[in-house]
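Engineer: With the input below, show me the fold.
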Amino acid sequence: MRAVIQRVSRASVTVDSEITGEINSGLLVFLGIHRNDGKKDITWLSDKIVNLRIFKDQDGKMNRSLIDMEKSLLVVSQFTLYGDCRKGRRPGFSAAAPPDHAKNLYQQFIDAINQKGITTASGRFQAQMDVELINDGPITLLLDSSKLF
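Structural biologist: All right, here's what the predicted structure looks like:
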């Protein structure tokens, strides 16, 4: 699993003129699912995200986590995180999970975050989505459950 994580002051996802998910201060997570991902990837990534110390403490240092700050999380599925652009001019997506497998793991990931006590909103799987955000910082991080970066 791969995630692009952005600390936001607010973020929302709209599908067909309907807001499907929105948060105020918290994290926006673009989530890509690899064809070989499973439960261990969900466990590792969900734990890593909710415990990342990327919010300011009383001294202004990034030393507080999503759990510490009781903030929200917005998850948006994004298979293009597994786009391979090394060859040719059009990305290849053979590493991305097939839709049925990805949708199942996407929902399991959201459930894992919810079980940690985090208020979670989401986009709509396989939909054309408009994502709006105000990046706070800006703070943007990349995570990979296979620890490739």
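
Engineer: Pull the lengthiest helix in the chain out as CSV, backbone CA atoms only.
Structural biologist: Taking DSSP state H as the assignment, the helix of the chain that covers the most residues is helix 99-115. The C-alpha coordinates for helix 99-115 follow below in CSV (Å, rounded to 0.1, in the frame of the first residue of the first chain):
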residue,chain,number,x,y,z
PRO,A,99,-10.9,-3.2,-8.5
ASP,A,100,-12.6,-5.9,-6.4
HIS,A,101,-9.6,-6.6,-4.3
ALA,A,102,-8.7,-2.9,-4.0
LYS,A,103,-12.2,-1.9,-2.9
ASN,A,104,-12.2,-4.6,-0.2
LEU,A,105,-8.9,-3.5,1.2
TYR,A,106,-9.8,0.2,0.9
GLN,A,107,-12.8,-0.4,3.1
GLN,A,108,-10.8,-2.5,5.5
PHE,A,109,-8.3,0.3,5.8
ILE,A,110,-11.1,2.8,6.6
ASP,A,111,-12.4,0.4,9.2
ALA,A,112,-8.9,0.0,10.7
ILE,A,113,-8.6,3.8,11.1
ASN,A,114,-12.1,4.0,12.6
GLN,A,115,-11.3,1.3,15.1
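
Engineer: In terms of secondary structure, what does that helix contact?
Structural biologist: helix 39-51, strand 72-77, strand 120-122 (3 or more C-beta pairs under 8 Å, 6 or more residues apart in numbering; DSSP states H and E). In short, each C-beta sits where N, CA and C put it, glycine included.

Engineer: roughly how far apart are residue 76 and residue 86?
Structural biologist: According to C-beta to C-beta, to the nearest Å, residue 76 stands 25 Å off from residue 86.

Engineer: Many thanks, we can stop here.
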